[in-house]
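In: Need the 3D shape of this:
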Amino acid sequence: KPAEFISALEAIRSSQPAPNTIRRVILRVSEESGDTTTISILDARELFSLLGVAPPLGLVETVTAPPQLFAHQVAGHTRLAIGLTVRNSARARQSLLDWEPTLQRDLEALFLGEFPLLQNEPYRDISYRNIDLRYLALDPANDLGIGYLYFPAENLILIATSEQTLHEIINRLFESR
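Out: Next up is the predicted model:
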């Protein structure tokens, strides 16, 4: 149920962990049928469906594992990120590039109730620790925007609502290697 899912996402904002804390959010769906309750992990198609989003062709089809959702505490704000493990990075990156014109609007739920104005600015190419990312700053004073990157060592696509969140996830991915 999309409305319940969006409410659950917004509830993440109410907890205030220490600054720069990254928490993994487990996405599970439970279905009751008679005396049986089945709990399953959301796949990428289900996640985007709950967000009310139809991602571009090529993205969901190349995802190889359940998506990972993260909440990052940055300067008093909670920023979300989605990690998608992919088998065809070129196709996934092209899908994201094609999605740029509507990415902000489509992933509005990830802004947790903060509604930045639609920007007419282009995405910027940024390089951080030799990882290229694309980022659209929406409210620079509060580090709110939408961006994405590909981390080749893990075949991982990351989409986040903060440039600092993208940087911190890159740092932690390098540390874990």
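In: Run through who's touching the host helix or strand of Asp125.
Out: For Asp125, the host element (DSSP states H and E) is strand 124-128. The contact list for strand 124-128, computed with CB atoms under 8 Å, 6 or more residues apart in numbering, reads 132-137, 147, 163, 166-167, 170. (C-beta placed from N, C-alpha, C; glycine too.)
In: change it to 10 Å
Out: Applying CB atoms under 10 Å, 6 or more residues apart in numbering, the external contacts of strand 124-128 come out as 132-137, 145, 147, 149, 163, 166-167, 170-171.
In: Helices - which of these land there?
Out: 163, 166-167, 170-171 (DSSP state H).
In: What's the first helix or strand after the helix-or-strand element of the chain with minimal mean pLDDT?
Out: Lowest on mean pLDDT, DSSP states H and E among the helices and strands of the chain sits strand 36-41, with a mean of 62. Going down the chain from strand 36-41, the next helix or strand is helix 44-50, by DSSP H and E.
In: Can you pull the poorly scored residue ranges out of the chain?
Out: 1, 27-40, 117-119, 177 (pLDDT under 70).
In: now the strands: where do they sit in it?
Out: Along the chain, the segments classed as strands by DSSP state E run 22-25, 28-33, 36-41, 68-74, 77-85, 124-128, 131-139, 144-151, 156-160.
In: want to throw these into a markdown table with distance to Arg105?
Out: Converted to a markdown table, the strands of the chain look like this (distance: least, CB to CB, whole Å):
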| stretch | distance to Arg105 |
| --- | --- |
| strand 22-25 | 22 |
| strand 28-33 | 25 |
| strand 36-41 | 27 |
| strand 68-74 | 19 |
| strand 77-85 | 16 |
| strand 124-128 | 19 |
| strand 131-139 | 11 |
| strand 144-151 | 10 |
| strand 156-160 | 14 |
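In: residues contacting Leu51?
Out: 2, 5-6, 9, 82, 106-110.
In: same deal with Leu96?
Out: Leu96 makes contact with 55-56, 58-59, 84, 103, 123, 134, 147-150, 157, 159, according to CB under 10 Å, 6+ apart.
In: what's the spacing between it and Ile131?
Out: According to CB to CB, to the nearest Å, Leu96 stands 14 Å off from Ile131.
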